[in-house]
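> my questions are about this predicted structure, shown below with the sequence.
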Amino acid sequence: MGHLDHAAYGGLTPALSYVMASIGAALGLRCTVRALAATGASRRNWLLTAASAIGTGIWTMHFVAMLGFEVTGTEIHYNVPLTILSLLVAMVVVGAGVFAVGYGKDRGRSLVLGGLTTGLGVASMHYLGMAALRLHGEVSYDPLTVALSVAIAVIAATAALWAALNIKSPVAVAVASLVMGAAVSSMHYTGMTAVAVRVSPADTALPGATAMQFIFPLAVGLGSYLFITAAFVALSPTVAERGAPASARPLGERTVPAP
């Protein structure tokens, strides 16, 4: 068995991955809160933004953490198409869960359906991303630990969506985002403890790209997207703020209907 190191750069990758998960959760929750206060195309657009933010945050968290993953006796490469697919799966399945909450008539049923869908999406992204690993050896998993990681993902997703439905203040959303970030990180590292690698040393070149060739620049790009989206959300007026200017105008500036 090869020795697995989940933090080859010390606490840097776990800390940075937690930050990315928390930012994605914060954006997703704020966008969902905005969506629930909106109607029509505006609601749909906010939900799409929420899905992309949560999906991107989760994916970035996973692969930033994977930058610190090393196995003694073998290099690690990543299958590029599978890695991209894991990102798309995260966004699509998380989007299904978010839309279930955003448009559901029965909030209790929508929360259960949305939490289950989103949690399974998080787990699917994680293990699809792990399937993209290319190394000299064979990867195996402990089934019970895998099941525990999936359960953590579902519970974390359900708690996050509950927060989106019930918590409105920015401070409360920030606290919920930190909890969600911790839960997603816990799911990741729980899933990683299920991994065992039997190394088979070989001189043949591994297919795919190294983490620094592909994962790192993509993670930087997606991280930039999260920060830009955060600025957009922070500067976008709420529904209440959009209605305030018209009602707050001085009487002389209001339009007087023609007699």
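Looks like it arrived, so ask away.

> what about His126, distance to Val220?
Counting by CB to CB, to the nearest Å, the gap from His126 to Val220 is 20 Å. In this view, the C-beta of every residue, glycine as well, is placed from N, C-alpha and C.

> which residues sit in contact with Leu133?
Ile76, His77, Tyr78, Asn79, Val139 (CB atoms under 8 Å, 6 or more residues apart in numbering).

> most neighbours among those residues, please name it.
Compared across the contacts of Leu133, Tyr78 has the highest neighbour count, 25 neighbours, by other CB atoms under 10 Å.

> for the most centrally placed residue in the chain, what is the enclosing helix or strand?
When CA atoms, centre = their mean is applied to the chain, the residue found nearest the centroid is Ile58 (2.5 Å). Per DSSP states H and E, Ile58 falls inside helix 40-66.

> first-to-last residue distance for stretch 69-84?
Its start and end residues considered, stretch 69-84 measures 19 Å (CA to CA, to the nearest Å).

> now tell me what touches that stretch from outside.
2-6, 8, 63, 128-129, 131-137, 192, 197, 199, 201, 206-211, 214-215, 218.

> buried residues in it?
Phe69, Glu70, Val71, Thr74, Ile76, His77, Tyr78, Asn79, Val80, Leu82, Thr83 (16 or more other CB atoms under 10 Å).

> ok, back up a step: buried subset of the contacts of stretch 69-84 as a ChimeraX selection?
In ChimeraX syntax, the buried subset of these is picked out as below (16+ other CB under 10 Å):
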select :2,6,63,128,129,132,133,134,135,136,137,192,197,199,206,208,209,211,214,215,218
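
> what about the contacts of stretch 69-84, which are in strands?
Applying DSSP state E to the contacts of stretch 69-84, the entries found in strands are Leu4, Asp5, Leu133, Arg134, Leu135, Gly137, Val197, Val199, Ala209, Thr210.

> adding distance to Ala156, write those out as CSV.
Formatted as CSV, those follow (distance: CB to CB, whole Å):
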residue, distance to Ala156
Leu4, 24
Asp5, 25
Leu133, 24
Arg134, 29
Leu135, 29
Gly137, 31
Val197, 26
Val199, 32
Ala209, 30
Thr210, 30
